[in-house]
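Colleague: when you get a sec, could you give me coordinates for this:
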Amino acid sequence: MSSRLLQTSSARPGASVTAGIRLATLGLGLTLLAGTGHAQPNNPDGAAVVQSGFSRLDKNGDGAVTAAEAAAEKEIAKRLKAFDANKDGKLQEAEFQKAEQDNAKRVLKDSAITTKIKGELLVAKGIPSTAISVETYEGRVQLSGFVDNPEQIKAAAKIAAGVADVKGVQNNLKVK
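Modeller: Here you go, the predicted model:
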């Protein structure tokens, strides 16, 4: 499919990269949104059991996830106060699902930013894109790796900063 994208999108420079990025981002998003359950060992009748994130964290089975229980998942713990609608210090299942969806959106947005930056680095002339690692968390981008000269460090940072939704760039690139 990617070679077909490259052949059909040659009307404008970079169009095939953009189309490929959109498809990759869409696929990642669908995977993230669909993957909220976790497979567990088979039950006695041999069928696999899928346990939701809520059930997995609600260790005492009281129908709520406390701060102590949420600590097992950093991103849920981080969102506990923001999604605790009734302000009881716990997440009920509906509140938990909203927190989980918010985190999935964050992951998707961060993945899209990373993919866009990698695509832009790939089409930029004079930048060894395969030698540059790009990581994104909550819109903050970290570049790392080794390049040939200081100009490439500056160019990579400028490209990353120019991508939509980037809140900041930590440039840890080094000259070989």
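Colleague: can I assume Ser129 is in contact with Leu122?
Modeller: Yes - the criterion here is Cβ atoms under 8 Å, and Ser129 meets it with Leu122 at 4.6 Å. Yep, even glycine has a C-beta here, placed from its N, CA and C like the rest.
Colleague: which residue is nearest the middle of the protein?
Modeller: Nearest to the mean C-alpha position of the chain, by Cα atoms, centre = their mean, lies Val107 at 2.9 Å.
Colleague: before we move on, what SS does that residue have?
Modeller: helix (DSSP: H, G, I helix; E, B strand; the rest coil).
Colleague: could you pull out the strands for the protein?
Modeller: Counting by DSSP state E, the chain has these strands, from start to end: 37-40, 49-52, 64-66, 90-92, 132-137, 140-147, 168-175.
Colleague: with mean neighbour count as new columns, can these be given to me in CSV?
Modeller: What follows is the strands of the chain, written out as CSV (neighbours: other Cβ atoms under 10 Å):
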stretch, mean neighbour count
strand 37-40, 12
strand 49-52, 12
strand 64-66, 22
strand 90-92, 22
strand 132-137, 18
strand 140-147, 18
strand 168-175, 14
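Colleague: mean pLDDT and distance to Glu100 for those strands - can I get that in a markdown table?
Modeller: Formatted as a markdown table, those follow (pLDDT from 0 to 100; distance: least, Cβ to Cβ, whole Å):
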| stretch | mean pLDDT | distance to Glu100 |
| --- | --- | --- |
| strand 37-40 | 48 | 11 |
| strand 49-52 | 61 | 9 |
| strand 64-66 | 97 | 10 |
| strand 90-92 | 97 | 9 |
| strand 132-137 | 98 | 17 |
| strand 140-147 | 98 | 22 |
| strand 168-175 | 98 | 26 |
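Colleague: between those, which gets nearest to Thr115?
Modeller: Of all those, it is strand 132-137 that lies closest to Thr115, at 8.7 Å by Cβ to Cβ.
Colleague: wait, which of the strands of the chain is closest to Asp102?
Modeller: Nearest of those (Cβ to Cβ): strand 90-92, 11.8 Å.
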